[in-house]
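**Q** Generate a structure from the sequence data that follows.
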Amino acid sequence: MSKKYDVYAIGNALVDYEIEVDDAFLTNNGVEKALMTLVDADRQKELIEAVQGKIKAKQGGGSAANTIIAVSKLGGKGYYSCKVAADEDGKVYLKDLTDNGLDTNLDINNLPEGITGKCLVMVSPDTERTMNTYLGITSDYSTSELKKESLVEAKFLFIEGYLVTSPTGLEAMKEAKAIAQANGVKVSLTFSDPSMVKYFKDQMKEVVGESIDLLFCNEEEAMLFTDTETVGEAREALKKVAKIFAITQGKNGAMIWDGETFIDIEPYSVTAVDSNGAGDMFSGAFLYAITNGHNYASAGKLASKAASTVVGKFGPRLSAETLLQLKSEVFT
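**A** The predicted structure follows:
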């Protein structure tokens, strides 16, 4: 049976502020490097004032949004379920989704009052990205934002790990998974960030449950989730909870467990500028490929190439032209 959507994604809707900073800025402002840290509105306002003049770009973002937009730009059909407010950022965010060809639960005439979430993406000279996020109205993301009639029309559900920080978000993750499993929709999850596994491991285990169809993580997240000391140990432990998984390894490429064997994905050489969005891009390209008839090895190759390309520029996204060119290079 044909499905309307390749991927139905759920996640935090955030407007990304891309900022160039040095290590001294992070130290002087008490920002913990290379992690995603949740902050309140006052703290974020203080940091925005401190980085005036350093902001490179401002655009719609959030991990799952970056992933599902990559799916769409590659030629797939995506749906994004999220929550924004009736402020300027919220309207810009909704326009960004529709301009990128996505269907969504958002209605321009029925957005709630509040503040749309923002993420300060601070990129240091070594290309590490440090994020300070004020969730705003997306902290109330809940089962109310799920649209069952659209979810059941997808081949894959994609769940953003960042949702575990909120009780209502956690319930939405579990409910979306339950709906998907009851209706033959495969379930994919990204751990999103080491801090999500480190500080919300119990909640993440609730979402994973007995098994998940497809898991995306990096080496640190894999070891944290499985309480292991090496990637080798972690990947063996992950076999027990994920039918298929991809462990990204930065400049060393990635490894994929396809349910029977491990596939090593070669890295692509790139001069790194900004690591923000690399994992999101990997997930998006991989999901596009496997929902459009390609095998796991080919999907991993496209995902690795797209992730490497996005690391070579500022910002977490690539143009449709660039992605279609990468697709033609890998699949011809």
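**Q** I'd guessed Lys201 sits against Glu221; true?
**A** No - counting by CB atoms under 8 Å, Lys201 stays clear of Glu221, with 10.4 Å between them. To be clear about C-beta, it is placed using only N, CA and C from the backbone, and glycine gets the same treatment.
**Q** all strands for the stretch 51-200 of the chain, in order.
**A** Taking DSSP state E, counting those that start in this stretch as the test, the strands found in the stretch 51-200 of the chain are 55-61, 78-81, 103-104, 117-123, 129-134, 154-160, 186-190.
**Q** on that earlier part again, so between Lys201 and Glu221, which is more surrounded?
**A** Glu221 (26 against 15; other CB atoms under 10 Å).
**Q** Kindly state the pLDDT recorded for the more buried one?
**A** pLDDT recorded at Glu221 is 97.
**Q** where's it relative to Gly161, distance?
**A** 8 Å (CB to CB, to the nearest Å).
**Q** Thr130 too?
**A** 18 Å.
**Q** ok, back up a step: common neighbours of Glu221 and Gly161, please.
**A** 191, 193, 196-197 (CB atoms under 8 Å, 6 or more residues apart in numbering).
**Q** Looking at these, which gets the smallest pLDDT?
**A** Within these, pLDDT is lowest for Asp193, at 92.
**Q** Let me see the contact set for that one.
**A** Contacts of Asp193 by CB under 8 Å, 6+ apart are 35-36, 131, 161-162, 221.
**Q** related to what we said a few turns ago, among the shared contacts of Glu221 and Gly161, who's most crowded?
**A** Going by other CB under 10 Å, Phe191 tops the shared contacts of Glu221 and Gly161 with 27 neighbours.
**Q** wait, that residue sits on Val197?
**A** Yes - in terms of CB under 8 Å, Phe191 counts as a neighbour of Val197; the distance is 5.3 Å.
**Q** circling back to that earlier point, Thr130 and Gly161: which is more packed in?
**A** The residue with more neighbours, out of Thr130 and Gly161, is Gly161; 26 against 22, by other CB under 10 Å.
**Q** residues in contact with the more buried one?
**A** 63, 189-193, 196-197, 204.
**Q** So which of these are in helices?
**A** 63, 196-197, 204 (DSSP state H).
**Q** could you pull out the helices for the protein?
**A** Under DSSP H, the chain gives helices at 23-28, 41-50, 63-73, 88-99, 148-151, 167-182, 194-199, 201-208, 219-226, 231-238, 278-290, 296-311, 320-331.
**Q** re the thing from before, now the ones in helices among the contacts of Gly161 as a markdown table including distance to Ile179?
**A** Output for the ones in helices among the contacts of Gly161, formatted as a markdown table (distance: CB to CB, whole Å):
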| residue | distance to Ile179 |
| --- | --- |
| Ser63 | 21 |
| Met196 | 22 |
| Val197 | 24 |
| Met204 | 19 |
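**Q** Good, we can wrap up now.
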